[in-house]
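Chemist: give me coordinates for this.
(chains A and B)
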Amino acid sequence: DAKTTQPNSMESNEEEPVHLPCNHSTISGTDYIHWYRQLPSQGPEYVIHGLTSNVNNRMASLAIAEDRKSSTLILHRATLRDAAVYYCILRDAMDSNYQLIWGAGTKLIIKP
Amino acid sequence: EPEVTQTPSHQVTQMGQEVILRCVPISNHLYFYWYRQILGQKVEFLVSFYNNEISEKSEIFDDQFSVERPDGSNFTLKIRSTKLEDSAMYFCASSAQDRGYKEQYFGPGTRLTVT
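Modeler: Residues are numbered from 1 along each chain as shown, chains lettered A, B, ... in the order given. Here you go, the predicted structure:
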């Protein structure tokens, strides 16, 4: 799986939108972009994933650059409960590599 | 909403003892995984399991570790002779398929403390 680069930490105010960036300049054509998050003292939680087009679900939106070398996870209205470490992970759809490879992620701090 | 469950939530054991960590994956999922996270460190992959066989394992998953699906619902991780460095959070996960476009769903974890 190709590598991703994320900022170590970000701060945001409660009830404001949050844009979490991820760079993946060596992404291949069959790599899916996955986002997971880990709330304090909890297991990782799937957030969203996409290939080329922007994606929306009940938790977040994923904006993927046209060249696919970067993506942004968007939390439209952050709450204190969104304070977590957010991980951007690439997974090759054609690969039989089963594991998720975790980086350090971005620690999101939400200020009340 | 279906979820992955794990028991116990916290296990304390003495060095050299055997421990079994239990997981109940989401019922229609076919692929199962164990990860671990040492306090303050990254999540690390241990093993994946499909069709009653190990599909992939990491260097961490040595002969002291084993996995089993003893019945149609449980998925277990056994550590035969625990070491101090096995102290960590252990997370079970499951997915409907193994392909890169399928998400994995995680349990809340078991905190293993080896004394």
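
Chemist: phi and psi next, for A:Leu80.
Modeler: phi -60, psi -30 (degrees, to the nearest 10).

Chemist: so it touches A:Ile110, yeah?
Modeler: Yes - between A:Leu80 and A:Ile110 there is a contact under CB atoms under 8 Å: 5.3 Å. Where C-beta positions appear, they are placed from N, C-alpha and C, glycine not excepted.

Chemist: need the overlap of contacts for the two.
Modeler: Contact criterion CB atoms under 8 Å, 6 or more residues apart in numbering or on different chains; residues shared by A:Leu80 and A:Ile110: A:Glu14.

Chemist: out of the two, which sits in the more crowded spot?
Modeler: The neighbour count for A:Leu80 versus A:Ile110, taken as other CB atoms under 10 Å in any protein chain shown, is higher for A:Ile110 (20 against 10).

Chemist: the nearest residue to that one once chain neighbours are set aside and chain B, how far apart?
Modeler: The shortest distance from A:Ile110 to any non-neighbouring residue, by CB to CB, 6 or more residues apart in numbering or on different chains, is to A:Ala83 (4.6 Å). As judged by CB to the nearest CB, to the nearest Å, A:Ala83 and chain B stand 17 Å apart.

Chemist: how near is A:Ala83 to A:Ser53?
Modeler: Per CB to CB, to the nearest Å, A:Ala83 is found 29 Å from A:Ser53.

Chemist: ditto for B:Asp86
Modeler: B:Asp86 is 43 Å from A:Ser53, by CB to CB.

Chemist: need the pLDDT of the residue positioned nearest the centre of chain B.
Modeler: Nearest to the mean C-alpha position of chain B, by CA atoms, centre = their mean, lies B:Trp34 at 3.0 Å. B:Trp34 carries a pLDDT value of 97.

Chemist: residues contacting it?
Modeler: B:21, B:23, B:46-47, B:67, B:77, B:90-93.

Chemist: for chain B, what lies in contact range of chain A?
Modeler: Listed as neighbours of chain A in chain B under the rule CB under 8 Å from any CB of the partner chain: B:4, B:31, B:33, B:35, B:42-45, B:48, B:55-56, B:58, B:91, B:93, B:98-101, B:103-109.

Chemist: only whichever of those residues are buried, select them in PyMOL.
Modeler: Remark: buried members of the residues of chain B next to chain A, expressed as a PyMOL selection using 16 or more other CB atoms under 10 Å in any protein chain shown:
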select buried, chain B and resi 4+31+33+35+43+44+45+48+55+56+58+91+93+98+99+100+103+104+105+106+107+108+109
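
Chemist: now, which of the residues of chain B next to chain A lie within strands?
Modeler: Among those, the ones falling in strands (DSSP state E) are B:31, B:33, B:35, B:43-45, B:48, B:55-56, B:91, B:93, B:105-106.

Chemist: got any ranges where chain A has weak pLDDT?
Modeler: Counting by pLDDT under 70, chain A contains low-confidence residues at A:1-2, A:96-97.
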